[in-house]
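Student: generate a structure from the sequence data that follows.
(one chain, ligands or ions: 1)
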Amino acid sequence: MSKYRIYELAKEFNTTSKVVLDILERNNNTVAKNHMSSVGDTEKDIITKTFAGKTSTETKVAAKVTTPTPAPTTIVTKTAAAAPNNNFKPKAPVQPVRKNDGPRPFIAQKPNNNVSANPHKGPSNQNFNKPKPAVNHTATNTAVNTTAATQNSNTNNGAQPNKQGGQNSRMNNNANKSTFNPNNRNTNSRNSRNYRGNNRGRNNHIQYNTPKPEPIRPKLIKIGESLTVKELAMKMGYSVTEIIKKLLMMGVMVTINQEIDFDTATLLAGELDVVVEELPPEQDPTEIPEIEDDPKSLVHRPPVVTVMGHVDHGKTSLLDVIRKTSVTEREAGGITQHIGAYQVMCQGKKIVFLDTPGHEAFTAMRARGAQVTDIAILVVAADDGVMPQTIEAINHAKSAKVPIIVAINKIDRPGANPDHVKQQLAEHNLIPEDWGGQTVMVPVSAKQKLGIKELLEMILLVAEMQELKANPDREARGIIIEAQLDKGRGPVATVLVQTGTLRIGDSIIAGTAHGKVRAMINDRGEKVKKAGPSVPVEVLGLSDVPEAGDILAALDEKLTRSISDKRIEKQRNDLMRSKKVSLDDLFQQIQDGNIKDLNILIKADVQGSVEALSSSLLALNKNDEVRVNIIHAGVGAVNESDVMLASASNALIIAFNVRPDTNARKLADNESIDIRTYRVIYEAIGDVEAAMTGMLAPQFKEVIQGKAEIRQVMKFSKALVAGSYVLEGKLTNSSSIRIIRDNIVVFEGQIESLRRFKDDVKEVAFGYECGVTIENFKDFREGDIVEAYTMEQLAPQALNK
Ligand SMILES: Nc1nc2c(ncn2[C@@H]2O[C@H](COP(=O)(O)OP(=O)(O)OP(=O)(O)O)[C@@H](O)[C@H]2O)c(=O)[nH]1
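Tutor: Residues are numbered from 1 along each chain as shown. I've put the predicted structure just below:
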């Protein structure tokens, strides 16, 4: 991409840098700040188009003025309005022929290098080439004919006025060639003179006539799901204020950085005659790309079943008995192994059971967006009936739209009453089939292994109705059922493959973990090389332990890495975002785009200070990147409620001549709330401003050592001693201290001496009494608090720059 300086462009288009900057600004292009700013082709295009557009419009104007027979007075009148011209005497009609006849390669469209290259060119040359409207040329010419009489006459005296500027001559000749003009020579001379005269005497007028280009506004814009008001304004070529006003008129109150949705943007654009096209949703780099399966590629897959029910109704017993039954059905020698899910065989068909009974795990996975279960088995003890957790389980299954099969368990029990259970279930809209409803209910006994086969058959029947299908011939997608870090094997994850086939050597990703499938073990402890739809397997080879509910995907190796990196980055950013605002890293957070509003809570000693601070801080709202927002301002010490408010609204606290009380300080530490204490207003403002611009270098941090209460003021011949009691922490003889009276800081200074009885001591701890004298301060009173603190240098990484 080419780079141009603003002043170079100005030169190229024969205008001033200011005009170029003005044009860019009108077109909402804020790349350039001053005449030295570098801009690219986009900006150059804007300038070119602006001048080109202007030229063509003005050509029309010129044509209008001169055809069929322009009354010179009309032209002069216009000129006269711009510059008094009492001496005007219309001669032959002024010929604006240069512009209104035929296509003319006007200088505005193509910068005239020749002109600038001509060392002899006078200002007239520049002006001649100025991309000015034809009417202006005409008018100016006319005006100059009359007002710059001396110059004109001088020039007129010259037989060949064009001689003075080679380029002028060329231009004029060209113009003459391409235009019809019976008074060719005269016109040339006149025009030539006029341009020169114009320049010499009418510079102000030229400035006045500098084209004020209309911003280029597209008729069609493309936007995504949402965008900020600022972005929309940029796209539409309007100023933000215009857009905000327009939205306000539509009843939508917005601020510059506020996001508006596609529909609102479309409505607004409609008002301004702009057509909006919706961009396809952006591909999230942290998302796994979807694959559409051809319906023809789908084949039946086994159902995945979860067992739910009230405590002690026999969920685990039922799962155990099903697993054992299935083993007997398998080839001899199979040893089941707990991997979180297992497959059983019934009538030669497979059923997958998730090994974690209860709806909690089921719901936890759903909360992560993973739907694993195809059928829920609701276990209800025949002797106990429907209980609170039974109802919970029903609701969870219903909300997941998973069909329910009821296993009425413990039918071997003497008090078992399956009909009563059915009745209770009917009250929850589970009507048994034998009562004309649609819910399959199977009486079973996990203890006596009764009804198990029937239950499995019913599962297959319900599954058949569901038409559960998947494409085994594609990259695998599955769900992590459980995962842990194994000492010898590293991260081990049980995956239930949902679609596709997972193979040894596949590059996989799950959550932020990625890797290659090193080994796979099935629910019978056998090593397998591949696992198709609805097959649970233990997978080895991930870089980290994923979480239950994470989606596992087999992808191109590079993609697994990049998605994993992006996810880790996103996780870090989310963590950063949850960080509380602090002046120390404010600039970094602004740069990272985490902060748009700098929320501040002000506490001060008097209302006057509160107001002064508030207004000074609000006056910092000059840049758009971050805005100071005072969420609360009041008189008094910083208390717990202030800290809570600051925490809830991610604000920092500025305490002016007041201190946080002990509880507030503790809470602030816990909540990581930045409390800044000041005694000079401009220091507070300076710090906030510096933090906003990244210039803050807080090298020291105040650390409170302790507090003592002055309980008696004792006069001695040489000194005034504050008999004090240490309330918390300690006082040391080198401490900096402040005296706080009614929560207001009345003095800041140093301890002069610290004594216990008659001895000078280095420090006095909590719970002890001491005598304190303070350097240059004797106005302490009983009840005053002596707060001791030290200033500790911050580690370099805590500094902004
Ligand atoms: N008589 C009889 N007792 C059963 C039957 N099924 C389970 N039990 C007993 O009921 C008690 C609870 O069984 P679990 O399988 O642990 O029930 P659960 O629903 O898994 O219990 P939680 O895991 O605590 O929610 C145990 O003492 C079982 O032996 C059955 O069919 N008949």
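Student: all helices for the stretch 251-400 of the chain, in order.
Tutor: For the stretch 251-400 of the chain, the helices defined by DSSP state H, counting those that start in this stretch cover 262-271, 315-329, 359-367, 388-399.
Student: next, format those helices as CSV and append distance to the ligand and mean neighbour count.
Tutor: Every C-beta, even on glycine, is put in place using the N, C-alpha and C of the backbone. Putting the helices of the stretch 251-400 of the chain into CSV (distance: least, CB to the nearest ligand atom, whole Å; neighbours: other CB atoms under 10 Å) gives the following:
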stretch, distance to the ligand, mean neighbour count
helix 262-271, 48, 17
helix 315-329, 3, 18
helix 359-367, 10, 18
helix 388-399, 8, 18
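Student: dump these to a markdown table, plus mean pLDDT.
Tutor: Below are the helices of the stretch 251-400 of the chain laid out as a markdown table (pLDDT from 0 to 100):
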| stretch | mean pLDDT |
| --- | --- |
| helix 262-271 | 90 |
| helix 315-329 | 79 |
| helix 359-367 | 70 |
| helix 388-399 | 84 |
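Student: please name whichever of those helices is nearest to G348.
Tutor: Between G348 and these, the tightest spacing by CB to CB is seen for helix 315-329, at 9.6 Å.
Student: output the closest one as CSV, nothing but the C-alphas.
Tutor: The C-alpha coordinates for helix 315-329 follow below in CSV (Å, rounded to 0.1, in the frame of the first residue of the first chain):
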residue,chain,number,x,y,z
LYS,A,315,-30.6,-46.8,40.6
THR,A,316,-27.2,-48.2,41.3
SER,A,317,-28.6,-51.7,41.9
LEU,A,318,-30.5,-51.5,38.6
LEU,A,319,-27.3,-50.4,36.7
ASP,A,320,-25.3,-53.2,38.3
VAL,A,321,-27.8,-55.8,37.5
ILE,A,322,-28.1,-54.7,33.9
ARG,A,323,-24.3,-54.6,33.5
LYS,A,324,-24.0,-58.1,35.0
THR,A,325,-26.8,-59.5,32.8
SER,A,326,-25.1,-58.1,29.8
VAL,A,327,-21.8,-59.7,30.7
THR,A,328,-23.5,-63.0,30.8
GLU,A,329,-24.9,-62.3,27.4
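Student: just want the angle from that helix to helix 388-399.
Tutor: Angle of helix 315-329 versus helix 388-399, following axes from the mean of the first three to the mean of the last three CA atoms, to 10 degrees, is 60 degrees.
Student: can you name every helix or strand that helix 315-329 contacts?
Tutor: strand 304-309, strand 341-346, strand 349-354, strand 375-381, strand 404-409, helix 452-466 (3 or more CB pairs under 8 Å, 6 or more residues apart in numbering; DSSP states H and E).
Student: give the pairing partners of the third one; include direction for each.
Tutor: In this case it means strand 349-354. Strand 349-354 pairs in its sheet with strand 304-309 (parallel), strand 341-346 (antiparallel), by DSSP bridges.
Student: quick one, which of these gets closest to V276.
Tutor: Judged by CB to CB, the one of the strands paired with strand 349-354 that comes nearest to V276 is strand 304-309, at 44.1 Å.
Student: hmm, who's touching the closest one?
Tutor: 315, 318-319, 341, 351-354, 357-359, 361-362, 372-380, 389-390, 393, 396-397, 402, 409, 459, 496, 534 (CB atoms under 8 Å, 6 or more residues apart in numbering).
Student: try stretch 389-401
Tutor: 308-311, 313, 358-359, 362-363, 366, 371, 373, 376, 378, 380, 403-404, 428, 430.
Student: all strands of the stretch 151-300 of the chain, in order?
Tutor: 220-223, 226-228, 259-261, 275-278, 299-300 (DSSP state E, counting those that start in this stretch).
Student: show me how far stretch 679-698 is from its chain's centre.
Tutor: Computed by CA atoms, centre = their mean, to the nearest Å, the chain-centroid distance of stretch 679-698 equals 26 Å.
Student: quick one: buried residues of that stretch?
Tutor: By neighbour count with 16 or more other CB atoms under 10 Å, stretch 679-698 contains the buried residues I681, A684, I685, D687, V688, E689, A690, A691, M692, T693, L696, P698.
Student: A strand includes the second one, no?
Tutor: When you say that, I think you mean A684. No: going by DSSP: H, G, I helix; E, B strand; the rest coil, the assignment for A684 is helix, not a strand.
Student: and the closest residue to it other than its chain neighbours, how far from the ligand?
Tutor: Excluding its sequence neighbours, the residue lying closest to A684 (CB to CB, 6 or more residues apart in numbering) is Y678, at 4.2 Å. From Y678 over to the ligand the distance is 60 Å, taken as CB to the nearest ligand atom, to the nearest Å.
Student: ok, back up a step: for ChimeraX, write the select line for the buried members of the contacts of stretch 389-401.
Tutor: Selection of buried members from the contacts of stretch 389-401 for ChimeraX, criterion 16+ other CB under 10 Å:
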select :308,309,310,313,358,359,362,363,366,371,373,376,378,380,403,404,430
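Student: thinking again about what came up before, the residue nearest to A684: what's it in contact with?
Tutor: Going by CB under 8 Å, 6+ apart, Y678 touches I654, A655, F656, N657, A684, D687.
Student: for whichever residue of the stretch 651-800 of the chain sits closest to the ligand, give its distance to K566.
Tutor: Closest approach between the stretch 651-800 of the chain and the ligand, counting by CB to the nearest ligand atom: N670, at 37.7 Å. To K566, N670 is 33 Å away according to CB to CB, to the nearest Å.
Student: more neighbours: the two, which one.
Tutor: Neighbours per residue, other CB atoms under 10 Å: of N670 and K566, the larger number sits with K566, 15 against 10.
Student: ok, what's across the strand from the residue nearest to A684?
Tutor: With DSSP bridges as the rule, Y678 is bridged to F656.
Student: what's the domain layout of this protein?
Tutor: Domain assignment for the chain, taken from the TED database, gives 4-53, 220-278, 299-469, 477-576, 594-695, 699-794.
Student: one step back: confidence score at the residue nearest to A684?
Tutor: Looking at Y678, its pLDDT is 90.
Student: contacts for stretch 266-277 next, please.
Tutor: So stretch 266-277 is in contact with 217-223, 232, 236, 238, 243, 246-247, 250, 260, 262, 265, going by CB under 8 Å, 6+ apart.
Student: looking at the chain, which helix or strand is least sure?
Tutor: helix 72-82 (a mean of 33; mean pLDDT, DSSP states H and E).
Student: could you export the strands of the stretch 151-300 of the chain as CSV, including mean neighbour count and mean pLDDT?
Tutor: What follows is these, written out as CSV (neighbours: other CB atoms under 10 Å; pLDDT from 0 to 100):
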stretch, mean neighbour count, mean pLDDT
strand 220-223, 15, 88
strand 226-228, 17, 86
strand 259-261, 15, 86
strand 275-278, 13, 88
strand 299-300, 13, 94
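Student: in CSV: those strands, plus distance to the ligand.
Tutor: Shown next, in CSV, are these (distance: least, CB to the nearest ligand atom, whole Å):
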stretch, distance to the ligand
strand 220-223, 53
strand 226-228, 46
strand 259-261, 46
strand 275-278, 50
strand 299-300, 31
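Student: next, format those as CSV and append distance to H420.
Tutor: Formatted as CSV, the strands of the stretch 151-300 of the chain follow (distance: least, CB to CB, whole Å):
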stretch, distance to H420
strand 220-223, 61
strand 226-228, 55
strand 259-261, 53
strand 275-278, 57
strand 299-300, 38
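Student: perfect, that will be all.
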